[in-house]
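A.B. asks: got a sequence here, can you model it:
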Amino acid sequence: MRLARDAFGVPHLRADSVLDLAHLQGRVAARDRAWQIEYQRWRAEGRLAERLGPLAVAWDTFARQARIDDTGRQCFEALDDPTRTWISSFVDGVNVELPQAFRGTSEGRALGVEAEPWQPWTPLSVFDVQHLLFSSLGDKWWRRRLVEVLGHEHVDLFRCFDEGAEFEQGAGSNAWAMTGSRTATGFPIVAGDSHRTLEVPGCYQQIRLACPEFDVVGFTFPGVPGIQHFGHAGDVAWGITNAAADYQDVFVEELRSDGAEVRAAGPDDWETAHRHVETIRVLGGEDVSVDVIETVRGPVVWRDSDGVAFSIATPARTLADMGFQAFLPLLRSRSVDDVTEAFREWVQPINSVLTADRTGRVRHLVAGKVPIRDIENLRMAVPARDARHAWTGWADLVVEDVEGVTSNANDQDSGGGLGWSYAAPHRARRIRDLLGERTGLTADDQGDIHRDSYSAPTETMRTLLGRVDATGMAELVRCRLLEWDGRMESDSPEALLFSRWRSALVDWMLEQPGLRTLAQPTGHPAFLVAGTRDRALAAWERLVQRLAPLGIDAARGVSTALDQVAAEADGRTWGDAHVFAPVHGLAAYRPADVPDVPAVPLGGDRDCVWSSYTKAGGSDRVAVGSVTRYSWDLADPSASRWAAPLGAAGNADDVHFADQLQLWASCRMAPVVTDWAQLQTEEI
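C.D. replies: Numbers count the residues shown, from 1 in each chain. Model (predicted):
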């Protein structure tokens with residue numbers, strides 16, 4: 001076995017067999033990301049509170065009731081023997097390195113706790129905990145609140161329509177691909193960047209996995225074997241975006257107890273539900289007992305103030321399958337057909353995949369298990385008693401070959417029409433416009449796409465500001481914004497003025513009768529239901545056009561927001577406020593123990609191709625952005641490019657902890673090194 005690293009500390013692993021390679025990957029995951037993978041394991045098991053105190057009880061309660069770790073165990077036990085053995089070899093490698101590596105992290109030292117041996121199924125649990133709330137569960141609870149406050153006729157108030165496309169979200173990932181007719185080499189290129197919460201360390205790990213069966217470079221989830229979402233296998237490459245398909249449901253359950261037994265109302269009769277009690281240990285507090293109930297549909301994870309119970313249904317729990325049997329076939333893929341077949345085993349989350357190979361083929365597919373059921377399931381929580389809402393099968397895999405160029409950006413066109421809530425089409429259209437009819441493109445050229453900072457919603461701003469009158473400083477600000485080119489560059493004062501105006505307009509809208517009540521806290525944990533302000537910021541340009549039926553004068557809001565911005569104008573630039581601000585697992589519990597990360601200025605915004613924005617909606621500090629950037633060249637893997645937000649190492653004391661930050665912040669990428677002679681060997 002051999003471990004080597006490039007100039008940025010990215011691990012390149014080589015072994016004589018697939019199982020030895022898995023063992024080595026497990027060791028390196030623990031060596032490089034000990035705190036991160038152990039923290040995710042605590043989250044999956046619902047055991048944060050015993051290390052971090054009472055503030056973590058809400059999450060632990062949800063994790064136990066959602067049965068995250070039990071789902072990982074069930075899915076592991078249902079795997080075929082080769083996949084199960086492969087994962088077990090990875091876990092054995094983790095357990096070799098984890099105890100010592102964890103002690104060496106600043107977080108481990110601060111907490112004064114030891115890492116524990118991983119279970120064989122822990123990689124599945126770690127994968128699931130990062131994706132369970134990745135889809136539509138929160139949307140459905142929130143729309144229930146929308147109906148309660150405004151009535152069912154306004155359930156689509158935040159859902160927008162544009163030339164037939166329907167959308168309700170403002171930002172997300174990008175991917176694009178082009179056939180050889182557009183490139184300098186005559187071979188395809190697959191490029192993109194995935195947008196998620198920016199974390200410390202980053203949620204993906206750059207890695208290379210080589211053995212006699214394959215040699216693949218790409219991004220992996222730390223604590224999970226293989227390379228899942230973004231990879232270059234020499235003859236074939238792939239990248240994904242979230243397809244925005246709706247594959248999770250929330251059911252309103254009627255429960256009744258008969259002693260220790262719990263029964264739930266199903267479509268035909270009262271059904272016996274599983275029930276047991278678990279205990280959460282709490283550092284510095286009393287133990288907490290958690291009632292764990294699971295109906296035929298899924299685990300019960302919430303009861304509102306009226307005692308109404310809600311269960312969640314997911315393909316992974318229903319099928320006892322998390323899609324891990326796709327991982328080894330992906331590594332062994334040599335063509336777009338191989339990648340297509342591998343993704344037939346994928347379960348969740350639902351991915352919009354772009355893949356290309358050296359024969360010149362480019363293909364788009366939507367992969368994963370999407371249940372077939374009533375359309376109302378996609379919109380809201382639905383009654384478990386009603387048979388119309390039962391799952392009756394699975395949607396077919398979408399497969400379509402591509403000519404020329406194509407782009408995916410969480411929009412309806414690239415998602416296969418399997419969802420309800422999509423991203424606005426701004427980014428997908430912008431990418432296609434930037435590529436246009438260009439030819440002679442290289443892997444390096446794709447960085448220009450990544451860095452594009454034009455914000456399409458500024459056109460809506462111009463329309464709105466063009467309809468109002470202003471005087472004094474407000475008129476000066478209005479003229480500056482009307483003449484501005486709409487690029488969210490870090491050195492632009494107008495970009496900051498636009499962001500402040502947009503925020504002021506959204507705040508004004510949410511202060512109006514009706515919407516004011518909607519913006520009040522729901523009582524749900526913040527991790528379960530995103531706030532109304534976040535949703536309004538995502539949908540502001542269409543929401544402002546829908547205020548009249550609610551008796552709200554939009555023009556008054558536009559003027560009020562303009563006056564507010566004019567009064568606060570201070571000459572600062574977008575980069576003064578729009579700075580890198582990733583989240584850390586200890587931030588909510590022990591902020592003093594969070595490693596320092598430079599607050600570098602960033603360009604872009606939520607609707608730019610260079611998508612970067614705040615998560616909480618209360619500032620311009622960037623907590624959501626590109627967690628990967630890549631440009632896979634099918635002519636030559638060494639001509640490919642990639643970058644990550646911080647660095648290869650998870651330990652803040654390591655030289656490679658944040659050595660890619662400046663590269664990433666300027667939307668540049670590093671070469672992918674494939675020559676072993678250019679790498680530095682590390683003892684393993």
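A.B. asks: rest of the way, CA atoms for contacts and neighbours
C.D. replies: Fine.
A.B. asks: okay but residue 295 is in contact with residue 312, surely?
C.D. replies: No - counting by C-alpha atoms under 8 Å, residue 295 does not reach residue 312; the two are 9.4 Å apart.
A.B. asks: which one's more surrounded, these two?
C.D. replies: When residue 295 is set against residue 312 and neighbours are counted by other C-alpha atoms under 10 Å, the residue ahead is residue 295, at 24 against 21.
A.B. asks: excluding its backbone neighbours, what's nearest that one?
C.D. replies: With C-alpha to C-alpha, 6 or more residues apart in numbering as the criterion, residue 295 has its nearest non-adjacent residue at 4.6 Å, and that residue is residue 273.
A.B. asks: that neighbour bridge partners, please.
C.D. replies: With DSSP bridges applied, residue 273 shows beta-bridge pairing to residue 262.
A.B. asks: residues touching it, list them.
C.D. replies: Under the criterion of C-alpha atoms under 8 Å, 6 or more residues apart in numbering, the contact list for residue 273 reads 261-264, 293-296.
A.B. asks: where is the longest helix in the protein?
C.D. replies: helix 18-45 (DSSP state H).
A.B. asks: neighbouring contacts of the helix or strand just after it?
C.D. replies: Counting by DSSP states H and E, the element after helix 18-45 in chain order, helix or strand, is helix 49-52. Contacts made with helix 49-52 from outside it, assessed by C-alpha under 8 Å, 6+ apart, are listed as 55-57, 60, 111, 113, 280-283, 589-590.
A.B. asks: avg pLDDT for helix 49-52?
C.D. replies: Taken as a whole, helix 49-52 has an average pLDDT of 97.
A.B. asks: show me the two of the contacts of helix 49-52 that sit farthest apart.
C.D. replies: Looking at the contacts of helix 49-52 by C-alpha to C-alpha, the two members farthest from one another are 280 and 590, with 19.5 Å of separation.
A.B. asks: who has more neighbours, those two?
C.D. replies: Between residue 280 and residue 590, counted using other C-alpha under 10 Å, residue 280 has the larger neighbour count: 19 against 15.
A.B. asks: look up the pLDDT of the nearest residue to that one once chain neighbours are set aside for me, please.
C.D. replies: Once its chain neighbours are removed from consideration, residue 280 has its nearest residue in residue 288; the separation is 5.0 Å (C-alpha to C-alpha, 6+ apart). In this model, residue 288 is scored at 97, pLDDT.
A.B. asks: so how many other residues sit close to residue 288?
C.D. replies: Under the neighbour criterion other C-alpha under 10 Å, residue 288 is assigned a count of 16.
A.B. asks: tell me the contacts of it?
C.D. replies: With contact set as C-alpha under 8 Å, 6+ apart, residue 288 has these partners: 279-282.
A.B. asks: so which of the contacts of helix 49-52 sit within helices?
C.D. replies: 57, 60, 111.
A.B. asks: picking up where we left off before, and the longest helix of the chain, average pLDDT?
C.D. replies: Averaging the model's pLDDT scores along helix 18-45 yields 98.
A.B. asks: repeat for stretch 537-544
C.D. replies: 86.
A.B. asks: what distance separates it from the centre of its chain?
C.D. replies: Relative to the centre of its chain, stretch 537-544 is centred 22 Å away, using C-alpha atoms, centre = their mean, to the nearest Å.
A.B. asks: now do stretch 369-379
C.D. replies: Relative to the centre of its chain, stretch 369-379 is centred 21 Å away, using C-alpha atoms, centre = their mean.
A.B. asks: just stretch 265-275 next, same as before
C.D. replies: The offset between the C-alpha centroid of stretch 265-275 and the centroid of the whole chain comes to 34 Å, using C-alpha atoms, centre = their mean.
A.B. asks: end-to-end on that stretch?
C.D. replies: Using C-alpha to C-alpha, to the nearest Å, one end of stretch 265-275 lies 15 Å from the other.
A.B. asks: circling back to that earlier point, now render the contacts of residue 273 as CSV, adding distance to residue 669.
C.D. replies: Putting the contacts of residue 273 into CSV (distance: C-alpha to C-alpha, whole Å) gives the following:
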residue, distance to residue 669
261, 58
262, 55
263, 56
264, 54
293, 48
294, 47
295, 48
296, 48
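A.B. asks: just the buried subset of these, please.
C.D. replies: Neighbour counting with 16 or more other C-alpha atoms under 10 Å marks 262-264, 293-296 as buried within the contacts of residue 273.
A.B. asks: mind checking which of those land in strands?
C.D. replies: Using DSSP state E, the members of these that fall within strands are 262-264, 293-294.
A.B. asks: quick check: domain ranges of this protein?
C.D. replies: According to automatic domain parsing, the chain comprises the domains 12-129, 137-162+454-487+493-572.
A.B. asks: most packed of these?
C.D. replies: Ranked by average neighbour count under the criterion mean count of other C-alpha atoms under 10 Å, the domains of the chain are headed by domain 12-129 at a mean of 21.
A.B. asks: what about that domain, how long is it end to end?
C.D. replies: Taking C-alpha to C-alpha, the first and last residues of domain 12-129 lie 27 Å apart.
A.B. asks: quick one: it to chain centroid distance?
C.D. replies: On the basis of C-alpha atoms, centre = their mean, domain 12-129 sits 20 Å off its chain's mean C-alpha point.
A.B. asks: same deal with stretch 410-428?
C.D. replies: In this view, stretch 410-428 has its centroid 15 Å away from the chain centroid, taken as C-alpha atoms, centre = their mean.
A.B. asks: go on, stretch 572-591?
C.D. replies: Between the mean C-alpha position of stretch 572-591 and that of its chain there is a distance of 18 Å (C-alpha atoms, centre = their mean).
A.B. asks: and it, C-alpha only, in PDB?
C.D. replies: Below are the C-alpha coordinates for stretch 572-591, written out as PDB (Å, rounded to 0.1, in the frame of the first residue of the first chain):
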ATOM      1  CA  ARG A 572     -18.400  50.000   1.500                       C
ATOM      2  CA  THR A 573     -18.100  47.300  -1.100                       C
ATOM      3  CA  TRP A 574     -19.700  43.900  -1.500                       C
ATOM      4  CA  GLY A 575     -16.500  42.200  -0.400                       C
ATOM      5  CA  ASP A 576     -16.500  44.100   2.900                       C
ATOM      6  CA  ALA A 577     -19.700  42.400   3.900                       C
ATOM      7  CA  HIS A 578     -19.800  39.300   1.700                       C
ATOM      8  CA  VAL A 579     -17.000  37.200   3.400                       C
ATOM      9  CA  PHE A 580     -16.200  33.500   3.900                       C
ATOM     10  CA  ALA A 581     -17.900  32.400   7.100                       C
ATOM     11  CA  PRO A 582     -18.100  28.600   7.200                       C
ATOM     12  CA  VAL A 583     -19.900  26.700  10.000                       C
ATOM     13  CA  HIS A 584     -18.300  24.400  12.500                       C
ATOM     14  CA  GLY A 585     -19.900  21.600  14.500                       C
ATOM     15  CA  LEU A 586     -18.900  23.300  17.800                       C
ATOM     16  CA  ALA A 587     -20.100  26.800  16.900                       C
ATOM     17  CA  ALA A 588     -23.500  26.400  18.600                       C
ATOM     18  CA  TYR A 589     -22.100  24.700  21.600                       C
ATOM     19  CA  ARG A 590     -18.500  25.800  22.300                       C
ATOM     20  CA  PRO A 591     -17.700  28.800  20.000                       C
END
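A.B. asks: in that stretch, what's buried?
C.D. replies: Of the residues in stretch 572-591, those buried by neighbour count under the rule 16+ other C-alpha under 10 Å are 573-586, 589.
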